[in-house]
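Trainee: Have a look at this prediction, sequence included:
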Amino acid sequence: MGWIVSVAKASTSAGPRVLVIEDDIQIRRLLRITLGVAGYELSEAATGAEGLALAARLRPEIILLDLGLPDQDGMDVLESLREWTQVPVMVLSVRDSEEDKVALLDAGADDYLTKPFGGEELLARLRAMRRHSVHATTAALYESVGLRLDPDRRQVWRADELVPLTHTEYALLQMFMVHAGRLLTHQQILLAIWGPEHEDDVHYLRAYVASLRRKIEHDPSNPIWLVTEPGVGYRMNLNAGRDPAENPLSV
Ligand code: CA
């Protein structure tokens, strides 16, 4: 019993994952200490290429990005990230001209911290970034008749029943609900959920869509919400349940 409790504790106490892409060992060490004490889980990359690969694999909640990397400019790393993810990015740099900052914000950076920086300031900025990103998704509760997704609690309800979803199923459903009504291509979805190295793995997507349908649709072989656009992708049809005659969940 005690064993089970401690395992449960360990898994829920894993803090928000931050990926730092920075070649300076001293700064990485400073970040490891500062963020570790504050409860973040830090992953480290010393080059742009490694950083991009880790970003796709680990799906961090926040990325800290140095501009002067040995293999490529941080600005190019930022542009590559923005092709497939909106993860909040904070740039760490000694470049502090207004021109540099404007260019970075235009390229999709969410915040900018000039080196050298203090640990307290970094933590305060991280808290602010997390508040913003939580608010951005909390602003809306995605809902249709009989299907509800609560981004704040990462929970999905079908009628009055909680639907147990894996992390990937949840991410997929959230993407569909956020873009309800719009056609999402296989490639757009694969890039956003699995990252650039799985862009062509349509079989992944088919398998996950099938399992998602088994969990949310009344009749998975005749889906009303998660509709296939043959040869192109999928579309979430949140209005399906609005017509009571069409809605198998309405009483
Ligand atoms: Ca550097």
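Mentor: Done, it's in.

Trainee: so where do the strands sit in the stretch 151-251 of the chain?
Mentor: 155-158, 161-163, 183-185, 226-229, 233-236 (DSSP state E, counting those that start in this stretch).

Trainee: To the ion, which of the ones you listed lies closest?
Mentor: Closest of the strands of the stretch 151-251 of the chain to the ion is strand 183-185, at 36.6 Å (criterion: C-beta to the ion). To be clear about C-beta, it is placed using only N, CA and C from the backbone, and glycine gets the same treatment.

Trainee: hmm, back to that, now the strands of the stretch 151-251 of the chain in JSON lines, with mean neighbour count, mean pLDDT and distance to Gln26?
Mentor: Listed next are the strands of the stretch 151-251 of the chain as JSON lines, based on neighbours: other C-beta atoms under 10 Å; pLDDT from 0 to 100; distance: least, C-beta to C-beta, whole Å:
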{"stretch": "strand 155-158", "mean neighbour count": "17", "mean pLDDT": "86", "distance to Gln26": "42"}
{"stretch": "strand 161-163", "mean neighbour count": "12", "mean pLDDT": "90", "distance to Gln26": "47"}
{"stretch": "strand 183-185", "mean neighbour count": "15", "mean pLDDT": "91", "distance to Gln26": "43"}
{"stretch": "strand 226-229", "mean neighbour count": "15", "mean pLDDT": "94", "distance to Gln26": "49"}
{"stretch": "strand 233-236", "mean neighbour count": "21", "mean pLDDT": "93", "distance to Gln26": "46"}
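
Trainee: can you put the ones you listed in CSV and add distance to the ion?
Mentor: Listed next are the strands of the stretch 151-251 of the chain as CSV, based on distance: least, C-beta to the ion, whole Å:
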stretch, distance to the ion
strand 155-158, 41
strand 161-163, 45
strand 183-185, 37
strand 226-229, 44
strand 233-236, 39
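
Trainee: How far away from the center of its chain is the host helix or strand of Ile33?
Mentor: Taking DSSP states H and E as the criterion, Ile33 maps to helix 25-37. With C-alpha atoms, centre = their mean, to the nearest Å as the basis, helix 25-37 stands 23 Å off its chain's centre.

Trainee: Great, nothing more from me.
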